[in-house]
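K.L.:
what's the 3D shape of this:
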Amino acid sequence: MNDTLILILYILAGVVVLGGLAFVFLKGPKAPKGGYPETRDEDDTAPPVGEKAEPGYETPAPVAGRLQRLRARLARSNSMLGKGLLALLSSEKIDQDVWDEIEETLLTGARTQGYLVRDTAAALLHVSPRAAWEHLNRLSRAGRLTKVGVRYYPAGNAVAEADHLPILRAYLQKEGAAGRQALAEQLRIDPKQATHILKRMVDSGALELVGKRYRLPENTD
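P.N.:
Sure thing, here's the model as predicted:
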């Protein structure tokens, strides 16, 4: 009987201790006297009760892209070329007069500089290199420019690529052998560009290089 009473007293004591601990944890720490200090900045005002706070960032102003800036630049142009390119960017129809001025700009540039490449044509027309390349190829197909490698010469100022080998064969059959300078003159291009063309011919077996002179292979008719 005494043992049972002691056990009951131990159980009651444990319940009291656990209940006290639970009360302390659930209640949480006591706030300091006078409350907690204000943590909001002086210029950080709380929104009125019931109103939703606005996000704390600013929306950047829209920035004109490259195409928009180009359109604005062309819009200020008084030339027919500028107006034509503006119409092209605006997906409007370009009349023949505009195309004629675009072609004349490229042809004049080729005559003035000796030849044009894609990037110089793009700078003349104020268009992308891709668009300039298309214009150059169109003039080449029309026979108004002669394409040699990446260069576009005024028609008649250089030998077309398709005629390079026949002209050099005829010349070497007469002369036997010749250096780079002489062959470049036959093609009407500068020696530096001729170096790449002659190398391709040597690699393909169309020509032989002996020392610094080029000749036809012995089995050539």
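
K.L.:
ranges for the helices of this structure?
P.N.:
Residue ranges of the helices in the chain, as given by DSSP state H, are 2-27, 66-75, 80-89, 96-113, 118-125, 129-141, 164-175, 180-187, 191-204.

K.L.:
Rounded mean pLDDT for the longest one, please.
P.N.:
So the one you mean is helix 2-27. The average pLDDT within helix 2-27 is 58.

K.L.:
Where does pLDDT dip in this structure?
P.N.:
Within the chain, the ranges that satisfy pLDDT under 70 run 1-95, 220-221.

K.L.:
I figured residue 178 was touching residue 167, is that so?
P.N.:
No - in this structure, residue 178 is not within contact of residue 167 by CB atoms under 8 Å, at 12.0 Å. Yep, even glycine has a C-beta here, placed from its N, CA and C like the rest.

K.L.:
out of these two, which sits in the more crowded spot?
P.N.:
Neighbour comparison, residue 178 and residue 167: the larger count goes to residue 178, with 18 against 15 (by other CB atoms under 10 Å).

K.L.:
Enumerate every residue touching the more buried one.
P.N.:
Counting by CB atoms under 8 Å, 6 or more residues apart in numbering, residue 178 makes contact with 171, 172, 213, 214, 215.

K.L.:
if I look at the first one, how far off is residue 139?
P.N.:
Translated: residue 171. Separation of residue 171 from residue 139 (CB to CB, to the nearest Å): 28 Å.

K.L.:
and if you look at the last one?
P.N.:
Remark: distance between residue 215 and residue 139 (CB to CB) = 36 Å.

K.L.:
Neighbour count: the two, which is higher?
P.N.:
The neighbour count for residue 215 versus residue 139, taken as other CB under 10 Å, is higher for residue 139 (23 against 16).

K.L.:
For stretch 148-155, give me every contacting residue.
P.N.:
In contact with stretch 148-155 (CB under 8 Å, 6+ apart) are residues 107, 110-111, 114-118, 121, 136, 139-140, 143-147, 158-161, 187-189, 193, 196-197.

K.L.:
same thing with stretch 111-123?
P.N.:
Stretch 111-123 has contacts (CB under 8 Å, 6+ apart) with 106, 109-110, 124, 128-129, 131-133, 135-136, 145, 150-154, 157-158.
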